[in-house]
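Asker: I'll drop the sequence and a predicted model, then ask my questions.
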Amino acid sequence: MRVLIIGAGIAGPVAALSLEAAGFTDIVIAERSTELRGLGVGVNLLPHAVRELTELGIVDRIAALGVEPQTLSYFNRHGQQIWSEPRGRAAGYAWPQLSVHRGRLQLELNDIVRERLGDGVLRLGHKLIEVQGNTAIFELPGGQREEITADVILAADGIHSVARSLHYPHEGEPLWSGLTLWRGTAVIEPFLDGSTMVMVGDAEQKFVAYPLGGVDEHGKQRINFIAERRIAGSADADWNRQVDREPIARFFEGWSYDWLDVPAIIRDAEELLEYPMVDRDALPQWSFGNLTLLGDAAHAMYPNGSNGGSQATLDARTLAYYLATEPSVEAALSAYEVVRRPACTKLLEMTRQTGPERVMQLARERAPEGFAHVHDVISQEELEAIAADYKLAAGFHPDSLNARSSLNARVAGDRE
Ligand SMILES: Cc1cc2nc3c(=O)[nH]c(=O)nc-3n(C[C@H](O)[C@H](O)[C@H](O)COP(=O)(O)OP(=O)(O)OC[C@H]3O[C@@H](n4cnc5c(N)ncnc54)[C@H](O)[C@@H]3O)c2cc1C
């Protein structure tokens, strides 16, 4: 059986590796870019995704790229702590959370794909423009066309998915929340214990930071950060737009605490990329004949909750599982959609309500000038409920994740 995957971002290579592990041998990945350049800044892989990388036998390679955050803490604009929780193994998961550079993750995944499936598997410079039945049509850099026919087409072509637009031609551009994100990396002295992810502020203005690597010989650590604010701007979702640091640092003047100096970090950023906080509406259908959507193509969502890369990983693994275990492509795509679409729809709704970050908004509404003690404004029970609800919806509550059966599967010999 020939499987054609569109897109060599995160979902695409994880799908290829999952299919290979399940015994499929005829796999092609078609990617628009003529070279993989490892773009982006930080991304988090939550325990439910790290479990899948572990079961694929590649977790050591990915873990070597980043760090394992131990704690997630939320603060108000005054630098006062609202909520703090252990993460990954410290929170009782059998698998860690990993913070990695998105570009390095993409390159490593595609390197492993080449090692396991051979160099020929990756067709760069193939931009999907049309799908007719079992045949995908690509435009090559010189303008010529190439057709690839397959038994199943997995469209992992991201938030601007062409495959999706062919089935939803009137959907238009991604939907903008009105918030703008400035994403960057900086090399600074470690903050707090050097392995904590922090979120500071509220729904109007926020700063997120987490370590991306260990402490170097100068006592410094590379961190990823996302500064976020509501401004008049544009909804043009280009991942690579560079911007000046100074105007953004000025938005955060006064956000200097004895444990973190937000404007200084922005001024010292190695790079600063502007991106609108966009998502897309949930879809009523992901699969059309022998084609299905996965990753951001199926369910682009806001980054709060750090679930984009993790849900893409789960989609890919689930698809490979059903393609290996169901009697036909149609049955496999249907089983995949039954499991994954409602889960992602629920998660998308929750990210629109700011997900677990709701505690920051509650603190802002109830105590805009700060508090003497957080429990004066939000009870412990309320704080715990918000954190637990999101983990359940996202499929990564420790109990359910640790108990869930594996997605490792093996295809019957005559179907590979
Ligand atoms: C350049 C870039 C930088 C990013 N930076 C970050 C970041 O810093 N932090 C973060 O959390 N998330 C980032 N993301 C998004 C993140 O990778 C996704 O949210 C998530 O991991 C889901 O992955 P995906 O594979 O579904 O989509 P993506 O990672 O977006 O991958 C989609 C792939 O499909 C390819 N593609 C698109 N259109 C076509 C076409 N017509 N034909 C063939 N191939 C096509 C793209 O070139 C890309 O390689 C970035 C995405 C991109 C593309």
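Answerer: Thanks, I have the structure now.

Asker: just the buried residues of stretch 116-130, please?
Answerer: 116-117, 121-128 (16 or more other CB atoms under 10 Å). Every C-beta, even on glycine, is put in place using the N, C-alpha and C of the backbone.

Asker: ok, stretch 177-184 next?
Answerer: Buried residues in stretch 177-184 (16+ other CB under 10 Å): 177, 179-184.

Asker: list just the nearest of those residues to residue 330.
Answerer: Comparing the buried residues of stretch 177-184 against residue 330 with CB to CB places residue 177 closest, at 36.5 Å.

Asker: run the chain-centre distance for the stretch of helix or strand the closest one belongs to.
Answerer: Assigned by DSSP states H and E, residue 177 belongs to strand 175-188. A distance of 14 Å separates the centroid of the chain from that of strand 175-188, by CA atoms, centre = their mean, to the nearest Å.

Asker: mean confidence score for the helix or strand following it?
Answerer: Reading on from strand 175-188 to the C-terminus, the next helix or strand found by DSSP H and E is strand 196-201. The pLDDT scores in strand 196-201 average 96.

Asker: residue 159 reaches residue 293, doesn't it?
Answerer: No: using CB atoms under 8 Å, residue 159 makes no contact with residue 293, being 11.5 Å away.

Asker: when these two are compared, which one has more neighbours?
Answerer: Using other CB atoms under 10 Å, the more surrounded residue of residue 159 and residue 293 is residue 293, with 29 against 20.

Asker: spatially nearest residue to the residue of the stretch 251-400 of the chain found nearest the ligand (excluding sequence neighbours)?
Answerer: Nearest residue of the stretch 251-400 of the chain to the ligand (CB to the nearest ligand atom) works out as residue 295 at 2.2 Å. Leaving aside its sequence neighbours, residue 295 sits nearest to residue 11 (CB to CB, 6 or more residues apart in numbering; 3.0 Å).

Asker: give me the pLDDT for that neighbour.
Answerer: We have a pLDDT of 98 for residue 11.

Asker: kindly report the same for residue 249.
Answerer: 97.

Asker: enumerate the residues of the protein near the ligand.
Answerer: 6-12, 30-33, 39-41, 43, 102, 126-128, 156-158, 160, 162, 183, 239-240, 295-297, 303, 308-309, 312 (CB under 6 Å from any ligand atom).

Asker: buried only: go through those for me.
Answerer: Listed as buried from the residues of the chain next to the ligand are 6-12, 30-32, 40-41, 43, 102, 126-128, 156-158, 160, 162, 183, 295-297, 303, 308-309, 312; burial here means 16+ other CB under 10 Å.

Asker: next step: the residues you listed restricted to helices.
Answerer: Among these, DSSP state H puts 11-12, 102, 162, 296-297, 308-309, 312 in helices.

Asker: quick one: residues contacting the residue nearest to residue 295.
Answerer: Shown in contact with residue 11 (CB atoms under 8 Å, 6 or more residues apart in numbering): 156, 294-297, 312-313, 315-316.

Asker: pick out the most distant pair among the residues you listed.
Answerer: Taking CB to CB as the measure, these span a maximum distance of 14.1 Å, between 297 and 313.

Asker: thinking again about what came up before, which one of the buried residues of stretch 177-184 is nearest residue 150?
Answerer: Once CB to CB is applied, the member of those that ends up nearest residue 150 is residue 183, at 34.8 Å.

Asker: and residue 349, what does it touch?
Answerer: residue 282.

Asker: mind doing that once more with 10 Å?
Answerer: Residue 349 sits next to 282, 301, 355, 393 when contact means CB atoms under 10 Å, 6 or more residues apart in numbering.

Asker: now the lengthiest helix in the chain against strand 175-188, angle please.
Answerer: Longest helix of the chain, by residue count under DSSP H: helix 329-352. Relative orientation of helix 329-352 versus strand 175-188 (axes from the mean of the first three to the mean of the last three CA atoms, to 10 degrees): 80 degrees.

Asker: pLDDT averaged over helix 329-352 - what is it?
Answerer: 94.

Asker: and the next element down the chain from that helix?
Answerer: Downstream of helix 329-352, the first helix or strand assigned by DSSP H and E is helix 358-366.

Asker: nearest spatial neighbour of the residue in the stretch 101-250 of the chain that the ligand sits nearest to, skipping sequence neighbours?
Answerer: Closest approach between the stretch 101-250 of the chain and the ligand, counting by CB to the nearest ligand atom: residue 158, at 3.1 Å. Excluding its sequence neighbours, the residue lying closest to residue 158 (CB to CB, 6+ apart) is residue 296, at 4.8 Å.

Asker: that neighbour touches residue 161, doesn't it?
Answerer: Yes: between residue 296 and residue 161 there is a contact under CB atoms under 10 Å: 7.3 Å.

Asker: many thanks, I have nothing further to ask.
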